[in-house]
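Engineer: The sequence and its predicted three-dimensional model are supplied below.
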Amino acid sequence: MILSIRDLQKDEGRYLPFSGAIALDSDADRARGLLKVNLQAAYVSTRVLVKGKWRVDLQGECSRCLDKFNYYLEDSFREEFTHLPGPAPEAEGLAGGLELEKGERYAFRGETLDLSEYFRQLFFMSQPLKILCREDCQGLCPLCGVNRNREQCNCRQDEIDPRWAALEKMKKQL
Ligand SMILES: [Zn+2]
Ligand SMILES: [Zn+2]
């Protein structure tokens, strides 16, 4: 996802539409995917303003029942990139030639703005700690291991969940 600064400067102050796809690094637990982006970008007095939406379709393993299932992550974004004078450095700053200015603002040099690394970071920061195949996933039986979304087993659960046992005890003491 590389924006040409010259093209943006020609239409300075106006938002132009762009779309593209960025390959994500493979991840051991989750299927690799493409991050699809639709954005608008404008050049305004040495800054590139960027706003839009991204989406990644993924396959993952449910944190509760361990089933594989398809899901997606998506989000909107809005960012400013300061265009610094001078040519693009060979290999400096963050990957993709982005630099971080004071105040954590992104900056870059040269005739192009490569947003690939920026979007990879957005994606990795948006990873949830847990994913569920569905909101009310019943998970696996802790005794026999059947998937309780599909089967009912005859395992008897203890009358009282151990988490509540302590509470029950306290109640009795009152
Ligand atoms: Zn599940
Ligand atoms: Zn069971």
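Structural biologist: Great, that's in hand. Ligands and ions are numbered 1, 2, ... in the order given.
Engineer: Residue 139 - how many residues pack around it?
Structural biologist: Using other Cβ atoms under 10 Å, residue 139 has 15 other residues around it. The way it works is simple: take the backbone N, C-alpha and C, and place the C-beta from them, glycine included.
Engineer: From ligand 1, how far out is it?
Structural biologist: Distance, residue 139 to ligand 1, using Cβ to the ion, to the nearest Å: 6 Å.
Engineer: Return the distance of that residue relative to residue 20.
Structural biologist: Residue 139 is 39 Å from residue 20, where distance means Cβ to Cβ, to the nearest Å.
Engineer: what's the answer for residue 121, then?
Structural biologist: Counting by Cβ to Cβ - residue 121 and residue 20 are separated by 16 Å.
Engineer: Comparing these two, which shows the higher neighbour count?
Structural biologist: residue 20 (17 against 14).
Engineer: residues in contact with that one?
Structural biologist: By Cβ atoms under 8 Å, 6 or more residues apart in numbering, residue 20 lies in contact with 1, 36-37.
Engineer: Can you give the strand pairings for the host helix or strand of it, parallel or anti for each?
Structural biologist: Following DSSP states H and E, one finds residue 20 within strand 16-23. With DSSP bridges as the test, strand 16-23 is paired with strand 34-44 (antiparallel).
Engineer: related to what we said a few turns ago, in the strand holding residue 20, what's buried?
Structural biologist: The neighbour-count check on strand 16-23 (16 or more other Cβ atoms under 10 Å) flags 18, 20, 22 as buried.
Engineer: Nearest spatial neighbour of the last one, chain-adjacent residues omitted?
Structural biologist: Right, residue 22. residue 35 (4.5 Å; Cβ to Cβ, 6 or more residues apart in numbering).
Engineer: OK, contacts around that neighbour?
Structural biologist: Taking Cβ under 8 Å, 6+ apart, one finds 21-24, 54-56, 119-120, 123 in contact with residue 35.
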